[in-house]
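1. make a model of this:
(chains A, B and C)
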Amino acid sequence: MPSLRVSEWRKLPLSLTELCIDTTLRCGQSFRWKKTDDEWHMVLHGRLLSLKQDDTYLHYKATWPSKTSPGSEKPSVPVKEESPPPLDSLADDTEDLIRHYFSLKHDAGALYEQWSQNDANFRRKAPRFTGIRILSQDAWEALIGFICSSNNNISRISQMVHKLCLHYGPSVARIGGGSADDGELLHDFPDAAALAGAGVEAHLRQLGFGYRARYIAETARIVAQDKPPEWLETLTNPESPGWGAAERYGTKLDRVSYREAHDELLTLSGVGPKVADCVCLMGLGWGEAVPVDTHVWQIAQRDYKLGGKVKSKTFSKAMYDTVGDHFRGIWGSQAGWAQSVLFTANLKSFSDRSAVKPEVEGIKIEVEEKLVLEEAKPKTKRKRAVLTETVKLEEVSVKIEDNDTKRRRTRSSTRK
DNA sequence: CAAATGCCTTAGGG
DNA sequence: ACCCTAAGGCATT
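-> So this is what the prediction gives:
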C-alpha cells in the first residue's frame, strides 16, 4: 500500500477580516481550488493542501504523494519530483507556503482603511467584502489560466484549467473517499514543456478550449523553447519574490520594473494588456498592476465617471492605461488589490451580498437609480437601450469629469 | 491611433 | 425546443 505522507491539521491565528478564503478562492484569481463540504483543496508545490477556516483560525493540512504513483488506475503522468521534506519540518514549510501564497506579510485591515479614507466608493462597497487578498500564485499557472479567461466565465475557465491538470499535470493525491483508491485524484499544474509538445493544440481544441488552444500551445512553446530558462520568473517584482526564490536565485535577479515585466509578457501569444496585468498582479507580485476587464471598465464608468466622452463601446489601449493610472492615483502601490475587492463586489456570483440595500445612500446612487428607471421602458431593441444609457450617464457626468479627463489626456499624451 | 471584426464554446435567458 | 447573446479579450486589418 502506498504510504501517503499526511501531516496533522495545524492552525494559524487569522481573522476573517484579514483573510476570507471563501471569498478569495472564488473570486476569479485561481481556478483550481476545489471545495468539499467546509474544506478547500488544491495541489500546490507538489503537495495537496487542504484548508478550512473559522472565526479565529485558518486550519491547514498537507498531503505529500508517495514515491509510487498515487493513482492506481491511471499512471499516466509521473509524480512530480519535488522532494518532500522530513515529517518534522513539514509543518514549518507549509505554513511558510501559506503565508506566501496569501501574501500575509501585508496588513489587509490597514490597507482597506487607507483605501476607504481616499475613496468614498470603496468605503461604501468594501465592508461586505473584507478578507479578500491577492494570491501570490505561480507565474506560469497564472499566465495559462488567464489566457484561458479571455471571453470566458469563471466556471468554464475552472473546467478548462482542471482539464489541463488532468491531461498534462502530474498526479499528486486524492480528496474525498474513505480508502486510498476512492475520491478524486488531483493533479498539479503542468509545466511549460508538458504543454509544448506536438498535437497539444489539436487536443485542447478537442477538449473545448476553442481559439485559446493555439494561444496556449504557442505560449508554451515560446516559454519552453525560445525564452531563456527561468525567463518568466525573472519578471518577478524584487520586492515580492516568489516562493523559494531566495534559494534558487539568491539576490542576483535583474532589476525589472512593472512596465518592463508587462511589456515582456505582451510578446507571448494570446497575451494582451489585461492578461499581462493579471499575471503581473497575481503571479509576479506587482501590486500596482490593475487588470482592466469589462467589469472594471464598467466600474470605472459607473462609479468613477471615467470615459464619459467615449462614443463607442470598444475601448482603446490609451483608455486602458488611463483607467489603470486613475486607480493607481487613488489607491497607491497596491491598487490591484483594491481593484480586486471592487471587482468581486461587482461579480454576479456575489450579487446576494451586494444586492442588500446599503445603510447610507448618497446623492450619486439616487441619480443612478433614476437613470436606470428611465431606461427600463423600451425593450424592443437592446442595442438602442445600451446606447441610451451611455448617453444619459454622460450628461450627468460631464461637469464632474471634464477637468479630470483633460488632465489625464494631457498626461498620457506627454508620456509618449 | 481609433474602430471594427473574426475567433471557439457554452451557459442561461427569452 | 430553439435562437440569441453574454461571458473577466486578443490579433489583425
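2. what sits against A:I157?
-> A:28, A:31, A:145, A:148-149 (C-beta atoms under 8 Å, 6 or more residues apart in numbering). (Glycine included, C-beta is placed from N, CA and C.)
3. can you narrow these down to the ones near DNA strand C?
-> The subset of those within reach of DNA strand C, by C-beta under 7 Å from any atom of the strand, is A:28, A:149.
4. helix or strand for A:K52, just tell me which one.
-> Using DSSP states H and E, A:K52 maps to strand A:47-53.
5. scratch that, A:V172 is what I was asking about
-> strand A:171-175.
6. packing partners for that strand?
-> strand A:39-44, strand A:47-53, strand A:57-64, strand A:184-187 (3 or more C-beta pairs under 8 Å, 6 or more residues apart in numbering; DSSP states H and E).
7. what about it, distance to the chain center?
-> 24 Å (C-alpha atoms, centre = their mean, to the nearest Å).
8. quick one: strands adjacent to that strand?
-> strand A:184-187 (antiparallel) (DSSP bridges).
9. any idea how many residues pack against the one residue in the stretch 101-250 of chain A that gets nearest to DNA strand B?
-> Among residues of the stretch 101-250 of chain A, the one nearest DNA strand B by C-beta to the nearest atom of the strand turns out to be A:G210. It sits 2.4 Å away. Burial of A:G210 is recorded as 16 neighbouring residues (other C-beta atoms under 10 Å).
10. could you check how far it is from DNA strand C?
-> 8 Å (C-beta to the nearest atom of the strand, to the nearest Å).
11. skip the chain neighbours and tell me the closest residue to the residue in chain A that DNA strand C sits nearest to.
-> Closest residue of chain A to DNA strand C, C-beta to the nearest atom of the strand: A:G28 (0.6 Å). Once flanking residues are discounted, A:G28 sits nearest to A:I154: 5.2 Å by C-beta to C-beta, 6 or more residues apart in numbering.
12. which residues of the stretch 301-416 of chain A score low on pLDDT?
-> Applying pLDDT under 70 to the stretch 301-416 of chain A picks out residues A:308-314, A:352, A:354-416.
13. pull the contacting residues for the residue of chain A closest to DNA strand C.
-> Counting by C-beta under 8 Å, 6+ apart, A:G28 touches A:149, A:154, A:157, A:343-344, A:347.
14. in ChimeraX, select just the buried ones from the residues you listed.
-> In ChimeraX syntax, the buried subset of those is picked out as below (16 or more other C-beta atoms under 10 Å):
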select /A:149,154,157,343,344,347
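15. can you narrow the contacts of A:G28 down to the ones near DNA strand B?
-> Within the contacts of A:G28, nothing lies near DNA strand B by C-beta under 7 Å from any atom of the strand.
16. show me which of the contacts of A:I157 is closest to A:S257.
-> Checking those against A:S257 with C-beta to C-beta, the nearest one is A:G145 at 23.9 Å.
17. stretch A:18-26 near DNA strand B at all?
-> No - counting by C-beta under 7 Å from any atom of the strand, DNA strand B has no neighbours in stretch A:18-26; the shortest distance is 14.6 Å.
18. quote the end-to-end distance of that stretch.
-> End-to-end span of stretch A:18-26 (C-alpha to C-alpha, to the nearest Å): 16 Å.
19. show me which positions of it end up buried.
-> By neighbour count on 16+ other C-beta under 10 Å, the buried set for stretch A:18-26 is A:18-21, A:23-26.
20. inside helices: which ones of those residues?
-> Among the buried residues of stretch A:18-26, the residues falling in helices (DSSP state H) are A:21, A:23-24.
21. could I get those residues as CSV with distance to A:G169?
-> Formatted as CSV, these follow (distance: C-beta to C-beta, whole Å):
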residue, distance to A:G169
A:I21, 23
A:T23, 26
A:T24, 23
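22. thinking again about what came up before, which helix or strand contains the residue of the stretch 101-250 of chain A closest to DNA strand B?
-> Using DSSP H and E, A:G210 falls outside every helix and strand.
23. measure the closest residue to A:G307 other than its chain neighbours to A:T322 for me?
-> With sequence-adjacent residues excluded and distances taken as C-beta to C-beta, 6+ apart, A:G307 is closest to A:Q301, at 5.5 Å. Remark: distance between A:Q301 and A:T322 (C-beta to C-beta, to the nearest Å) = 12 Å.
24. pLDDT weak spots in chain A?
-> A:1-4, A:67-92, A:177-180, A:250-253, A:308-314, A:352, A:354-416.
25. now the residue nearest in space to the middle of chain A: how far from A:R123?
-> Central residue of chain A (C-alpha atoms, centre = their mean): A:Q29, 2.4 Å from the mean position. Distance, A:Q29 to A:R123, using C-beta to C-beta: 23 Å.
26. before we move on, what about A:Q137?
-> Distance of A:Q137 to A:R123, given as C-beta to C-beta: 29 Å.
27. so which of the contacts of A:G28 are in helices?
-> Using DSSP H, the contacts of A:G28 in helices are A:154, A:157, A:343-344.
28. for those, which one is nearest A:D96?
-> Nearest to A:D96 among the ones in helices among the contacts of A:G28, with distances taken as C-beta to C-beta, is A:T344, at 26.7 Å.
29. how about the strands of the stretch 1-150 of chain A, start to end?
-> Here the stretch 1-150 of chain A has its strands, by DSSP state E, counting those that start in this stretch, at A:5-6, A:10-13, A:34-36, A:39-44, A:47-53, A:57-64.
30. could those be laid out in JSON lines, adding distance to DNA strand C and mean neighbour count?
-> Output for those, formatted as JSON lines (distance: least, C-beta to the nearest atom of the strand, whole Å; neighbours: other C-beta atoms under 10 Å):
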{"stretch": "strand A:5-6", "distance to DNA strand C": "31", "mean neighbour count": "16"}
{"stretch": "strand A:10-13", "distance to DNA strand C": "25", "mean neighbour count": "14"}
{"stretch": "strand A:34-36", "distance to DNA strand C": "15", "mean neighbour count": "14"}
{"stretch": "strand A:39-44", "distance to DNA strand C": "15", "mean neighbour count": "21"}
{"stretch": "strand A:47-53", "distance to DNA strand C": "19", "mean neighbour count": "22"}
{"stretch": "strand A:57-64", "distance to DNA strand C": "22", "mean neighbour count": "21"}
